[in-house]
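# turn this into a structure:
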Amino acid sequence: MAGVVGEVVKVHGMWASPFALRVEWALKLKGIEYEYIDEDLSNKSPQLLHFNPVYKKIPVLVHGGNPIPESLVIIEYIDEVWKHVNPLFSHDPYEKAMARFWARYCEDKCTPATLKVFSTVGETQKVAIEEAKECLRTLEGGLKGRRFFGGETIGFVDIVAGWLAYWVPIIEEVIGVTIVDEAELPLMHAWFQDYIQLDVVKERLPPRDKVLQMSRDLHKRLLGRSV
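Numbering: from 1, shown residues only. Model (predicted):
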């Protein structure tokens, strides 16, 4: 039977991938033991290509031999299989639908807007910064004054958007700008701090110095010049 609790769980990821970290955060929140396989994205393993022949990307969750690709799909699968431990969704149908809405908004709007800031310069970057701020301002509305998107505890949207709390400050440091200003985005700024201080999150954050150096190197390559 597919998806049986107690079967072996494996995660194919990459140590600095925010999308793979989402999956690990969800598993750790549920208290699920798993085997982690760190992929070299320049030389992907035969197992990864076998388990995700369509996109050939990480992350991939393998549960009882059955592969599930794409981080948002994986997180929902995890919550469905281990539904009685730290549920990620409200039981209320409306709240559940809105959680999916905000997660999709983060994925479709905030993620590309933030990455555009990182990969541009000059006037184009200035426009990108304002676009990213506007996206985050809209996302901030999903908090509704609460500590987390899930209320007093983290939920689906927190895990999906959580990478921003760690990577946005690194992007700010690399390019020398402020995206999330406490005065402009007070709820988002507070959420950033609260999220990365959670034990379940801190336990699986990659070393900041390594991510910072990797980001500097990537930024140089993207721009094709020294910065």
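
# element containing the spatially most central residue of the chain?
With distances taken as CA atoms, centre = their mean, the residue of the chain nearest its centroid is Trp163 (3.9 Å). Using DSSP states H and E, Trp163 falls within helix 156-175.

# what are the buried residues along the helix or strand following that helix?
Downstream of helix 156-175, the next assigned helix or strand under DSSP H and E is helix 186-196. Buried residues in helix 186-196, counted by 16 or more other CB atoms under 10 Å: 187-189, 191-192, 195. Every C-beta, even on glycine, is put in place using the N, C-alpha and C of the backbone.

# where exactly do the helices run in the chain?
Applying DSSP state H to the chain gives helices spanning 18-30, 46-51, 71-81, 93-105, 111-118, 122-140, 156-175, 186-196, 199-202, 208-223.

# those: which one's closest to Leu61?
Closest to Leu61 of the helices of the chain is helix 71-81 (CB to CB; 4.6 Å).

# buried residues, the closest one. List them.
So for helix 71-81, counting by 16+ other CB under 10 Å, buried means 71-72, 74-79, 81.

# ditto for stretch 168-179
Buried, per 16+ other CB under 10 Å, within stretch 168-179: 168-172, 174-175, 179.

# before we move on, the earlier item: what separation do you get for the residue nearest to the centre of the chain and Val85?
Remark: distance between Trp163 and Val85 (CB to CB, to the nearest Å) = 23 Å.

# can you check Asp209 too?
According to CB to CB, Asp209 stands 34 Å off from Val85.

# need the contact list for Gln193.
Ala165 (CB atoms under 8 Å, 6 or more residues apart in numbering).

# what is Glu35 paired to in the beta sheet?
Bridge pairing for Glu35 (DSSP bridges) gives the partners Lys10.

# so it makes contact with Gly13?
No: Glu35 is beyond contact range of Gly13, at 11.1 Å (criterion: CB atoms under 8 Å).

# neighbour-wise, which of these two wins?
A count of neighbours by other CB atoms under 10 Å puts Gly13 above the other of Glu35 and Gly13, at 23 against 10.

# can you pull the contacts of that one?
Each residue near Gly13 by CB under 8 Å, 6+ apart is listed here: 20-21, 23-24, 36-39, 58-59.

# could you measure from the residue lying closest to it once chain neighbours are set aside over to Val9?
In space, and not counting its chain neighbours, Gly13 is closest to Ala20: 2.9 Å by CB to CB, 6 or more residues apart in numbering. For Ala20, the distance to Val9 (CB to CB) stands at 14 Å.
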